[in-house]
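*Asks:* build the 3D model from these lines:
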Amino acid sequence: MTNKLKPILYQKQLFFPNTDFSVAREKRQPVVPLHKHDFGEIAFVISGSATHITENKTFLIKRGDVFITFGNYAHGFTKLNNLHIFNILFDVDKFDSLRDEFKGLNGFNVLFGLEPHLRKEDCFYAALKLTEKQLKKIQVLLQLYEEECCNKFPLREINVVSFLKAIVIQLCRDYSHSDASISDINLKMEKIVNYIKQHFHEKITFNRLADEAGMSATAFRYYFKQTTGYSPIKFLMRLRIAEAARLLIEENIKVKNAGEKVGFHNQSYFVKTFREVMSVTPKEYSRGE
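*Replies:* Here you go, the predicted model:
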């Protein structure tokens, strides 16, 4: 199915203008047209079912499904059957500022990195399917989060963030203990993405990455591309270029030194790769051209 309708834009300024974290609960979810939003959300299907539509595909969602988006993709709901959804809404920049606190938490980079950002074609398959026991446990935290979002007490936002962190940690634990084979594969890919992020400035070979994943070269290449949308080497190159771009702007480092710091030891190759990724040369980028 290909949806030709132009998505509506839902804006944070209208939904939760005076805070960075909010909640939207629909116990009888109405039909929602194709839309995008400039904020992120974690959606929990509490009960019922529906067809989740995107610009390219449709998916059945039902009780226990959890999916995460950072507002980049168009979606909507149709063919509703007593659908009850609980949405955690958040300012993307504020959520990103919390990421360092979740370093080393198994499942985090999959649920809040690979799934919503890189799997463009399949981003609205449920990132996690909670069991009945897991759903009941998470609902306790959701209720606490909702109550705190709605009160007017001083330091409310601090408590809201605390409950949000507890929810994120619980989701990652549930994901990490999932028996589903796709979860196992995604966790392996998360391990490799973390490895690349920690060692991107060093010499990294394809065979080393496959060994780290515990997979054959063929299987590793296939699953990495399926999970991230890029080949392992292209992912590494894009990560290096992103860091080089940061160094050029934030630390005012010279082009030659920026390339060397992120693992490029051939200047012409660095410039060529930078231009392919950023559409400008490193020198033009550093000048703001």
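*Asks:* can you count the residues close to residue 240?
*Replies:* A count of nearby residues for residue 240, using other Cβ atoms under 10 Å, gives 24. C-betas here are computed from N, CA, C, even on glycine.
*Asks:* ditto for the one 3 residues further on
*Replies:* When neighbours are counted by other Cβ under 10 Å, residue 243 registers 17.
*Asks:* gap between it and residue 270?
*Replies:* 12 Å (Cβ to Cβ, to the nearest Å).
*Asks:* what helices or strands is the helix or strand bottoming out on mean pLDDT in the chain leaning on?
*Replies:* Here the helix or strand of the chain ranked lowest by mean pLDDT, DSSP states H and E is helix 181-199, holding a mean of 76. Counting contacts by 3 or more Cβ pairs under 8 Å, 6 or more residues apart in numbering; DSSP states H and E, helix 181-199 packs against helix 108-109, helix 156-176, helix 206-213, helix 217-228, helix 232-250.
*Asks:* ok, which of the ones you listed comes nearest residue 71?
*Replies:* Counting by Cβ to Cβ, residue 71 lies closest to helix 156-176 out of the helices and strands packed on helix 181-199; the figure is 16.8 Å.
*Asks:* can you list the weak-confidence ranges in the stretch 151-289 of the chain?
*Replies:* For the stretch 151-289 of the chain, the stretches flagged by pLDDT under 70 are 178-183, 288-289.
*Asks:* my read is that residue 25 contacts residue 86, right?
*Replies:* Yes - under the criterion of Cβ atoms under 8 Å, residue 25 makes contact with residue 86 at 5.1 Å.
*Asks:* does the closest residue to residue 201 other than its chain neighbours sit in a helix, a strand or a coil?
*Replies:* Closest residue in space to residue 201, ignoring its immediate chain neighbours: residue 263 at 4.5 Å, by Cβ to Cβ, 6 or more residues apart in numbering. With DSSP: H, G, I helix; E, B strand; the rest coil as the basis, residue 263 sits in coil.
*Asks:* so residue 263 sits against residue 233, correct?
*Replies:* No - when contacts are counted by Cβ under 8 Å, residue 263 is not listed as touching residue 233 (11.9 Å).
*Asks:* of these two, who's got more company?
*Replies:* Just comparing residue 263 and residue 233: by other Cβ under 10 Å the higher neighbour count belongs to residue 263, 19 against 14.
*Asks:* the more buried one: what's it in contact with?
*Replies:* Each residue near residue 263 by Cβ atoms under 8 Å, 6 or more residues apart in numbering is listed here: 200-204, 240.
*Asks:* how close does residue 226 sit to residue 189?
*Replies:* The gap separating residue 226 from residue 189 is 9 Å, by Cβ to Cβ.
*Asks:* also residue 271?
*Replies:* Residue 271 is 30 Å from residue 189, where distance means Cβ to Cβ.
*Asks:* thinking again about what came up before, can you list contacts of the least confident helix or strand of the chain?
*Replies:* In contact with helix 181-199 (Cβ under 8 Å, 6+ apart) are residues 106-107, 109-110, 113-115, 175-176, 178, 204, 209, 212-215, 220, 223-224, 227-228, 232, 235-236, 239.
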